[in-house]
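Visitor: turn this into a structure:
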Amino acid sequence: MSTSRSPLRHTAATPARGITLIELLMVLGIIGVLFGLAIPAVSDAVAATHAMQARAALMASYLSALNGAALANARTTMCPSFDGQNCTSGTDWSHGWIAFVDANGDRERQPGEAILSRQEALPSKVHLHSTRGRTRIEIQPAGSVAGSNVTFTLCDGRGATRAQSLVLSNKSTLRVDTPTAQAIAETCVP
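Guide: Sure, this is the predicted structure:
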């Protein structure tokens, strides 16, 4: 007698294990809510970092200009610049700026005047404007800033409520303050 075994064994039916469509939709909904809560927090952190980097870059350029004035025993100038070579008019520093040795004291960079610091454009939602009428910062060889205090208004992707004023005094100190409503309106672009 020959016994042949079937290649398939029949066993007692066991229920299939898996997830239902409803369970899957619930998990996706929870993940969506978590992402919805996390994205604004991450965006705010990125915007705060960009603002901090802009403030640090402004201070680093200022220190380069201050050191350059002392070493060259000549006036140095900081100004907004679109091309990283020449000063532009206006109070918008968001597109970048330069600091250079202003050998002839005309507040414009001439060929042969050394660039001490060059800052590229700030990230797209970061805006930096100086006080009206203060399109240039002149640093004397002794370290003082010519003219009156200059106030920068810094606004980032978090909006006008998080705007800051950066006040550079004639004695070369930089402090953070609250900007005026007019400064916020001119700087914080929605």
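Visitor: give me the element Val46 is part of.
Guide: Here Val46, judged by DSSP states H and E, is contained in helix 21-72.
Visitor: tell me the first helix or strand C-terminal of the helix or strand hosting Leu116.
Guide: Leu116 is part of strand 115-119, with elements assigned from DSSP H and E. For strand 115-119, the following helix or strand on the C-terminal side (DSSP H and E) is strand 127-130.
Visitor: ok now that next one, how far from the chain's centre?
Guide: 11 Å (Cα atoms, centre = their mean, to the nearest Å).
Visitor: for that strand, C-alpha coordinates in CSV please.
Guide: Once non-C-alpha atoms are left out, strand 127-130 reads as follows in CSV (Å, rounded to 0.1, in the frame of the first residue of the first chain):
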residue,chain,number,x,y,z
HIS,A,127,15.0,91.6,6.7
LEU,A,128,17.5,94.1,8.1
HIS,A,129,17.1,97.8,7.8
SER,A,130,19.0,100.7,9.3
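Visitor: quick one: contacts of it?
Guide: 54, 58, 80, 91-94, 122, 137, 150-156, 183, 186-189 (Cβ atoms under 8 Å, 6 or more residues apart in numbering). Using the backbone N, CA and C atoms, a C-beta is placed for each residue, glycine as well.
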